[in-house]
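**Q** Need a 3D model of the sequence below.
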Amino acid sequence: MAPEEQGLEARVREMVAMAGDLSTDDDRKQQQGSQLDNYLHSLKLPLLRVHSKARLFLKRLSRIIFHRKALNFNSALIKDGDLVFDVGANMGDMTALYVKLGALVVSIEPQETCLGALRKRFGNNPKVTIVPTPRPLEDHPKSWTCD
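**A** Here you go, the predicted structure:
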């Protein structure tokens, strides 16, 4: 082989080797990318747990702040022994506030699920009377509407 051809062949081999190195670099980058994806995916669940706990904490904190503000506001209106009607008592948060102020509370609630929670929470409390009510009028026949 002529020296020129040997030089050309060597250059081709060198270029092929470089191309092989490039594909290895691409494979390495792809492997690193998939490792990063796997790592980020492994962090996802713990991050969601932290996020959920943070949201729960903030929700509880806002409930405490609301409760204090509502207690301050309602203490000017409701005195010990007053009769208070909690219409649409839901889970009884306001009922608990009124009881804390010393009121006698009549909690009115149409939803069975909420009634169960009210009974569980206040069933033995002599200051609270729980009144189940029928479902709202839209669940009853049209004869209940006024024309």
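
**Q** Could you point out which residue ranges in the protein have low pLDDT?
**A** Low-confidence segments of the chain, defined by pLDDT under 70, are located at 1-8, 12, 15-33, 40, 43, 45, 135-147.

**Q** Tell me where it has strands.
**A** Using DSSP state E, the strands found in the chain span residues 83-87, 104-109, 128-132.

**Q** Of the ones you listed, which stretch is the most buried?
**A** Comparing these by mean neighbour count (mean count of other Cβ atoms under 10 Å), strand 104-109 ranks first with a mean of 20. Quick note: C-beta positions are derived from backbone N, CA and C, even for glycine.

**Q** Only C-alpha atoms, please: export it in PDB.
**A** Taking C-alpha atoms only, strand 104-109 is exported to PDB below (Å, rounded to 0.1, in the frame of the first residue of the first chain):
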ATOM      1  CA  LEU A 104     -77.400  25.800  74.300                       C
ATOM      2  CA  VAL A 105     -77.200  24.700  70.700                       C
ATOM      3  CA  VAL A 106     -79.800  23.200  68.400                       C
ATOM      4  CA  SER A 107     -77.900  21.700  65.400                       C
ATOM      5  CA  ILE A 108     -80.000  21.100  62.300                       C
ATOM      6  CA  GLU A 109     -78.600  19.000  59.500                       C
END
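
**Q** Quick check: can you name the pairing partners of that strand and their directions?
**A** strand 83-87 (parallel), strand 128-132 (parallel) (DSSP bridges).
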